[in-house]
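A.B. asks: let me see the structure of the following:
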Amino acid sequence: MLMRTDPFRELDRIAQQLVGPGTWSRPSAMAMDAYREDDEYVVAFDLPGVSAEAIDIDVERNMLTVKAERRPVAPSENVQMELSERPLGVFSRQIVLADTLDTERIKADYDAGVLTLRIPIAERAKPRKISVGNDTSRKEISG
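C.D. replies: Numbers count the residues shown, from 1 in each chain. Now for the predicted structure:
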């Protein structure tokens, strides 16, 4: 039901390591898990250190876009940074949703650095039984 839209993610990660932190302008992708639970799809994004106010979720047709920004903590004048490995800046992820998902009723929760989206399966896509009728009103013609 979900399709990956970033085939160059690993290449970007390697290039970012080669170029060095702070010089890469493309938004970094965020790690995610996606699975089906009963009648909904659940997508969980890792966003540690990001405030809920810095998360932006948009849906346009079948395209779900999640953007988040991790801002640097402003150290006091007496602090001298020795090591900075935690990525800062904009993180984004786009996912193409199947037509069988109900994008009008997406629910989003953010807890402990994990953004969880619950996307219900549309009623029209759920399995249903179709009964077979027996037309007994036909008249037999004998001849």
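
A.B. asks: what's across from residue 91 in the sheet?
C.D. replies: Counting by DSSP bridges, residue 91 forms beta bridges with residue 28, residue 68.

A.B. asks: how near is it to residue 46?
C.D. replies: From residue 91 over to residue 46 the distance is 9 Å, taken as CB to CB, to the nearest Å. Bear in mind the C-beta positions are built from the backbone N, C-alpha and C, glycine included.

A.B. asks: which of those two has more neighbours?
C.D. replies: The neighbour comparison of residue 91 against residue 46 (other CB atoms under 10 Å) goes to residue 91, with 22 against 13.

A.B. asks: I'd like the distance between the residue nearest the centre of the chain and residue 74.
C.D. replies: Closest residue to the average C-alpha location of the chain: residue 43 at 5.2 Å, with CA atoms, centre = their mean. Distance, residue 43 to residue 74, by CB to CB: 32 Å.

A.B. asks: what of residue 119?
C.D. replies: 37 Å.

A.B. asks: pick out whichever of the two has more residues nearby.
C.D. replies: Remark: of residue 119 and residue 74, residue 119 carries more neighbours, 25 against 6, as counted by other CB under 10 Å.
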